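*Asks:* fold the following.
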Amino acid sequence: MGTIIGIDLGTTNSCCAFMERGEPRIIINEEGGRTTPSVVGFAKDGERFVGEVAKRQLVVNPEATVYAIKRFMGRRYRECRADMGLVSYPILEGATGECAVEVLGRQYSPREISALVLQKLKKAAEDFLGEPVTEAVITVPAYFTDSQRQATRDAGTIAGLDVLRIINEPTAAALAYVHDRRKASTIAVYDFGGGTFDVSILRVDRDVAEVKATRGDNQLGGADLDRMLLEWLAAAFARENGVPLPTDKVVMQRLRDAAERAKLELSTASSTDVALPFLFVDASGPRHLQVTVTRAIFEELIADAVERTLVECRAAVRDAGLAVEQIDEVVMVGGSSRIPLVQERVKALFRRPLNKGFNPDEVVAIGAAIQAGMLEGDIKGVTLLDVTNFSLGIEVAGGRFARLIPKNTTLPTVARRQVSTVVDNQRSVKIHILQGESERARENVSLGEFELNNIQPAARGLPRIDISFGIDANGIVEVSAKDTRSGISEALRIDAPAGMSKQELLQLTESHAAAAHSDEEAKKLRAIRKTIEGQIVGLEGFQRIHQGELHRSDLDGLDQALKRARMAVLKSQDVPNLTELSTYLVRVQQHLKARVGV
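*Replies:* Predicted structure coming up:
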């Protein structure tokens, strides 16, 4: 078995790490960065690019650049309408009812887009480690539903990774915090990322890290704060110019980019200037935006959003059966946790110093790597006890939701319940499995259903049907039903709720692997062409300077070499031939230098 990597697949940025001699290390990507923007760009010729290159394209070509895809992962189209204003690319309803992205006339699922980010991280890990990487632990927000978790697992599979474990982001951060630490304490992990917010309460005691409660909001993150500031900037422009901003995609993306930069700058400065010259042109000529944003203005805009996170924190503490005073330390995770107002309000709530011992952009990946080390057997002595993020149960008579496993139950767990028929001589019972907190079944998330048939006829209420509901450490749900009189039983294993079939995953995995190879070849082609173009410029300069010193045969040979090189750069798609040509040009230059004594 090779190295298992830990991946934080983030809304804004992603990061991966691995264990080396018992210590976690961040993997550096090919651009030299410790994190990779979760941005995917597309070119008209079909080429895809991920990370910094794609992020640079975002402002000039927003409709062909996909970002913040995590907000749409594993969600139904009808659930995502409030989030569509966060992005500049079209969100459509896919064939299965889930969200889909349309780029340059083709639809992609959020799984496919996320798989491209994971492929980039996988390749960075392979280059960094010098060996193939096939296994990973991937983190998700604690409040992700089973559908969202499975979509994340599918993305890993499409990227060519065997996803050994999906773990909650706050739990991963806590693992990083307790690594090689044996002090007993109760910890609150406040995770305010680019697209989601989570809070988890953990009890750490020697070799055990136990999650006591988790809460969150999957529709609240740094992107929402950017949108609030964007709307303020748009209103400021309208006040100053007497005309509203057009809804042009490029204009809005420039404004969104400016809002994000201003947000970052206001974490260290009391004010910042937003200057966007030539934002657009109308009948009056070019229009510019020039405005100063103070930290006070920004804090007023985001105050309600920050309070929403504190409401979840208070609820998590209550769910854990604790008082705020019993929290010993608060670990801050996620880029938005750097905002001064956020830190001020969190510190005031818990009345404890905030732990800033980790880079909030890297701590989740470090925790994922530690979990990977535990699976490999390299790290011993730490027992991680996580909890269910939502209640799980079944639909009963009257369309009600009967909880079998309440939220925040420690995993793994098993629960049982006895049900019966509702009409006389009923021969079958449908078991509808649900996830959520509403008392009404239809308001919760359906995970699947199955039927127990051939029940012995009897008056309603007499048959006794035992329902067994179990969840393992990976969050995989198994439900069985048994008629106690006849012994007939049925079961359903829900390890892919709302996920893709194995055949669909295989097809996507193969197509993405082929496309990744094609992208890599295109990258090599660009690189060797750039090298040859540089060699042409160098040889042309050499020719101008030393023309009078060279023999006619040398000049003719140089002309032929330059003609061949120019033609190859324009027309050749063959990387090996171009590489051979580059080597030949090196020999030509060496020969000519020797002739003139350079």
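*Asks:* got any ranges where the protein has weak pLDDT?
*Replies:* 1, 180-182, 380-382, 473-475, 492-519 (pLDDT under 70).
*Asks:* what separation is there between Gly541 and Thr583?
*Replies:* 20 Å (C-beta to C-beta, to the nearest Å). C-beta coordinates here come from the backbone N, C-alpha and C atoms, glycine included.
*Asks:* and Thr410, by the same measure?
*Replies:* The spacing between Thr410 and Thr583, counted by C-beta to C-beta, is 63 Å.
*Asks:* likewise Asn453?
*Replies:* As defined by C-beta to C-beta, Asn453 lies at a distance of 72 Å from Thr583.
*Asks:* and Val330, by the same measure?
*Replies:* Distance of Val330 to Thr583, computed by C-beta to C-beta: 59 Å.
*Asks:* between those two, who's got more neighbours?
*Replies:* A side-by-side neighbour count of Val330 and Thr583, using other C-beta atoms under 10 Å, places Val330 first with 23 against 10.
*Asks:* give the contact list for that one.
*Replies:* By C-beta atoms under 8 Å, 6 or more residues apart in numbering, the contact set of Val330 is 187-190, 346-347, 350, 352-355.
*Asks:* partner strands of the strand or helix carrying it and their direction?
*Replies:* Here Val330 sits within strand 329-333, counting by DSSP states H and E. Applying DSSP bridges, strand 329-333 is found paired with strand 185-192 (parallel), strand 354-355 (parallel).
*Asks:* got the CA positions of that strand in PDB?
*Replies:* Provided in PDB are the C-alpha atoms of strand 329-333 (Å, rounded to 0.1, in the frame of the first residue of the first chain):
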ATOM      1  CA  GLU A 329     -10.300  26.200  24.400                       C
ATOM      2  CA  VAL A 330     -11.600  27.400  21.000                       C
ATOM      3  CA  VAL A 331      -9.800  26.400  17.800                       C
ATOM      4  CA  MET A 332     -10.400  28.700  14.800                       C
ATOM      5  CA  VAL A 333     -10.600  27.100  11.400                       C
END
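*Asks:* CA atoms only for the next helix or strand after that strand - export them in CSV, please.
*Replies:* Next helix or strand after strand 329-333 toward the C-terminus (DSSP H and E): helix 340-350. Taking C-alpha atoms only, helix 340-350 is exported to CSV below (Å, rounded to 0.1, in the frame of the first residue of the first chain):
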residue,chain,number,x,y,z
PRO,A,340,-11.5,40.6,13.4
LEU,A,341,-15.2,40.9,14.1
VAL,A,342,-15.5,37.1,14.0
GLN,A,343,-12.7,36.6,16.4
GLU,A,344,-14.0,39.4,18.7
ARG,A,345,-17.5,37.9,18.9
VAL,A,346,-16.3,34.3,19.3
LYS,A,347,-14.0,35.3,22.1
ALA,A,348,-16.8,37.2,23.8
LEU,A,349,-19.1,34.2,23.6
PHE,A,350,-16.8,31.6,25.0
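*Asks:* if we can go back for a sec, can you say which of the strands paired with strand 329-333 is nearest to Ala397?
*Replies:* Closest to Ala397 of the strands paired with strand 329-333 is strand 185-192 (C-beta to C-beta; 39.5 Å).
*Asks:* what angle separates the closest one from helix 340-350?
*Replies:* Angle of strand 185-192 versus helix 340-350, following axes from the mean of the first three to the mean of the last three C-alpha atoms, to 10 degrees, is 150 degrees.
*Asks:* what residues of strand 185-192 count as buried?
*Replies:* 186-192 (16 or more other C-beta atoms under 10 Å).
*Asks:* list just the nearest of those to Gln119.
*Replies:* After measuring the buried residues of strand 185-192 against Gln119 - C-beta to C-beta - the closest member comes out as Asp191, at 25.4 Å.
*Asks:* re the thing from before, dump the strands paired with strand 329-333 into CSV; add distance to Leu525 as well.
*Replies:* As requested, those are exported to CSV (distance: least, C-beta to C-beta, whole Å):
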stretch, distance to Leu525
strand 185-192, 41
strand 354-355, 48
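*Asks:* kindly indicate which of the buried residues of strand 185-192 lies nearest Lys55.
*Replies:* Closest approach between the buried residues of strand 185-192 and Lys55, by C-beta to C-beta: Phe192, at 21.2 Å.
*Asks:* I'd say the closest one and Arg338 touch.
*Replies:* No: in this structure, Phe192 is not within contact of Arg338 by C-beta atoms under 8 Å, at 9.0 Å.
*Asks:* not counting sequence-adjacent ones, nearest residue to Arg403?
*Replies:* Excluding its sequence neighbours, the residue lying closest to Arg403 (C-beta to C-beta, 6 or more residues apart in numbering) is Gly393, at 4.3 Å.
*Asks:* now the one you found. Its backbone dihedrals?
*Replies:* Dihedral angles of Gly393 (phi, psi; degrees, to the nearest 10) stand at phi -170, psi -160.
*Asks:* count the neighbours of it for me.
*Replies:* Neighbour number of Gly393 under other C-beta under 10 Å is 24.
*Asks:* unless I'm mixing things up, it is touching Phe401, no?
*Replies:* Yes: when contacts are counted by C-beta under 8 Å, Gly393 is listed as touching Phe401 (5.7 Å).
*Asks:* joint contacts of these two?
*Replies:* Common neighbours of Gly393 and Phe401, counting by C-beta under 8 Å, 6+ apart, are Leu434.
*Asks:* where do the strands sit along the stretch 251-400 of the chain?
*Replies:* Using DSSP state E, counting those that start in this stretch, the strands of the stretch 251-400 of the chain run over 271-282, 285-294, 329-333, 354-355, 383-385, 392-396, 400-405.
*Asks:* isn't Leu581 up against Val569?
*Replies:* No: Leu581 lies out of contact with Val569 (C-beta under 8 Å); the separation is 9.1 Å.
*Asks:* quick one, which of those two is more surrounded?
*Replies:* Taking other C-beta under 10 Å, Leu581 and Val569 do not tie; Leu581 has more neighbours (22 against 18).
*Asks:* before we move on, back to that, contacts only, for the residue nearest to Arg403.
*Replies:* Gly393 neighbours (C-beta under 8 Å, 6+ apart): 401-405, 433-434, 469.
*Asks:* ok, 7 Å please
*Replies:* By C-beta atoms under 7 Å, 6 or more residues apart in numbering, the contact set of Gly393 is 401-404, 434.
*Asks:* quick one: which of the residues you listed is nearest to Cys313?
*Replies:* Distance to Cys313 across the contacts of Gly393 (C-beta to C-beta) is lowest for Arg403, with 23.8 Å.
*Asks:* what's the neighbour count on the closest one?
*Replies:* 18.
*Asks:* swap in Ala568?
*Replies:* Ala568 has 20 neighbouring residues, counting by other C-beta under 10 Å.
*Asks:* try the one 4 residues further on
*Replies:* One way to gauge burial is a neighbour count; for Ser572, by other C-beta under 10 Å, it gives 16.
*Asks:* where's it relative to Lys563, distance?
*Replies:* Going from Ser572 to Lys563 by C-beta to C-beta gives 13 Å.
*Asks:* from Glu580, how far off is Asp574?
*Replies:* 9 Å.
*Asks:* let me fix that: Leu550
*Replies:* As judged by C-beta to C-beta, Leu550 and Glu580 stand 24 Å apart.
*Asks:* the more surrounded of those two?
*Replies:* Higher neighbour count among Leu550 and Glu580: Leu550, with 17 against 13, using other C-beta under 10 Å.
*Asks:* need the contact list for that one.
*Replies:* Contacts here follow C-beta under 7 Å, 6+ apart; on that basis Leu550 touches 592, 595-596.
*Asks:* could you redo the last one with a cut-off of 10 Å?
*Replies:* The neighbours of Leu550, taking C-beta atoms under 10 Å, 6 or more residues apart in numbering as the test, are 542-543, 556-558, 592, 595-596.
*Asks:* and if you look at Ala223?
*Replies:* For Ala223, the contact set (C-beta under 10 Å, 6+ apart) comprises 11-12, 67-68, 70-71, 83, 85-87, 193-196, 256, 260, 336.
*Asks:* and the residues you listed, which of them are buried?
*Replies:* 11-12, 67-68, 70-71, 83, 86-87, 193-196, 256, 260, 336.
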